[in-house]
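J.: pasted the sequence and its predicted model underneath.
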Amino acid sequence: MKKFLSHRLRGFDKCEHSYKAIVKACQTKLSYLEIDTRVSLDGKIFVYHDESFKTDKNKKIVINKTLSKEIQSVNHSCGYKLLLFEELLIIFSRRVYKEQKLCIDIKDYGFEQLHFDLVKKYNLEKHIIWISWIPQTLIKLHKINPQIPKILSYINLINFKFLGKLLEKIHIFKIPFSNFVLIGKAYYNQDLKQKYVGYQHAYLAQTLPNDLIEILSKSAGGICIQKRFLSKKVINYCQDNNLLLCIFSVETLKEYKYYSKQAVDIIFVDKSNFIKQIETETY
């Protein structure tokens, strides 16, 4: 169980990130719960992964272009209202298993202090882990509080040799006709300009810049990569640089068992229906 992370609280309700899901997850002995945050037009933080959602009336709501009052007045297509980040923190502060950690994946850049202030308000600094695909966000969070663990999610190109060297040279680039923004290795601390809110960011690198490694390792943090990028090279790289290694995401008990035997520290899991099996089995 020590490596199990509930990815987006999936499996605890028919919809991820719901009130019912966080309440149920906080009653388990899971080591890690993970949620994503998005920020409304008026600066309110909501718990959600994508930049937009469909209401039960089939209306598209773009979170960063919509006032929080309107977001709170409609139902998601699944039938629930989006949770405010603060509401989730209140629920998490009442969790049954006090060793449980909340992993907070920040999707919108520029609201790092606001996130930290809310976490501090509920005395949760020692019970959270910051995660982001935006290295600039982790750098800001490090300046605010260097002790809280930080994990960088990114497209790991260490196994791609020459192709990897080419891809990591990308500047800060928005893919046309999409909301994806790519950040090349050298641009981890550059101004995102207008591409900071309402996007899905992805940092590309074979190896990380030394100062970024220092931020991650000194906070007892690390990296998070897709499971298909896992290799001996990646494992050795993390061990050599004192970085936690996280992978995403698995759906079956068989997969979980396989990866739990690897040199992986945290496994993002998209299901919860085999938690009891893990608790009772020895392998």
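T.: That came through fine. Please read all numbers here as calculations on a predicted model, not as lab measurements.
J.: who's in contact with the residue nearest the centre of the chain?
T.: Centroid-nearest residue in the chain: residue 105, 3.0 Å away (criterion: Cα atoms, centre = their mean). Applying Cβ atoms under 8 Å, 6 or more residues apart in numbering, one finds that residue 105 lies in contact with 34, 35, 36, 37, 49, 131, 132, 133, 153. All C-beta spots, glycine's among them, are computed from the backbone N, C-alpha and C.
J.: what's the burial count for the fourth one?
T.: Translated: residue 37. When neighbours are counted by other Cβ atoms under 10 Å, residue 37 registers 24.
J.: now do the helices in the protein.
T.: 19-25, 68-73, 85-93, 112-121, 135-144, 161-167, 210-218, 232-240, 253-260, 275-280 (DSSP state H).
J.: wait, which of these is closest to residue 247?
T.: helix 253-260 (6.3 Å; Cβ to Cβ).
J.: report the buried residues of the closest one.
T.: Applying a neighbour-count criterion of 16 or more other Cβ atoms under 10 Å, the buried positions in helix 253-260 are 253, 255, 256, 259, 260.
J.: related to what we said a few turns ago, can I have the buried ones of the contacts of residue 105 as a ChimeraX selection?
T.: Selection of buried members from the contacts of residue 105 for ChimeraX, criterion 16+ other Cβ under 10 Å:
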select :34,35,36,37,49,131,132,133,153
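J.: now flag whichever of the contacts of residue 105 is closest to residue 272.
T.: Nearest member of the contacts of residue 105 to residue 272, counting by Cβ to Cβ, is residue 34, at 12.3 Å.
J.: and that closest one, what is it in contact with?
T.: 5, 6, 7, 8, 9, 102, 103, 104, 105, 131, 268.
J.: now do residue 10
T.: So residue 10 contacts 16, 21, 269, 270, 271, 272 (Cβ under 8 Å, 6+ apart).
J.: give me that answer again for 7 Å
T.: Taking Cβ atoms under 7 Å, 6 or more residues apart in numbering, we find residue 10 in contact with 16, 270, 271.
J.: can you pick the most crowded of those residues?
T.: Going by other Cβ under 10 Å, residue 16 tops these with 20 neighbours.
J.: tell me where the model's unsure across the stretch 151-283 of the chain.
T.: The stretch 151-283 of the chain contains residues with pLDDT under 70 at 282-283.
J.: now with 90?
T.: 193, 272-283 (pLDDT under 90).
J.: going along the chain, name the strands of it.
T.: In the stretch 151-283 of the chain, strands defined by DSSP state E, counting those that start in this stretch lie at 155-156, 172-174, 180-184, 200-205, 222-226, 244-250, 266-269, listed in chain order.
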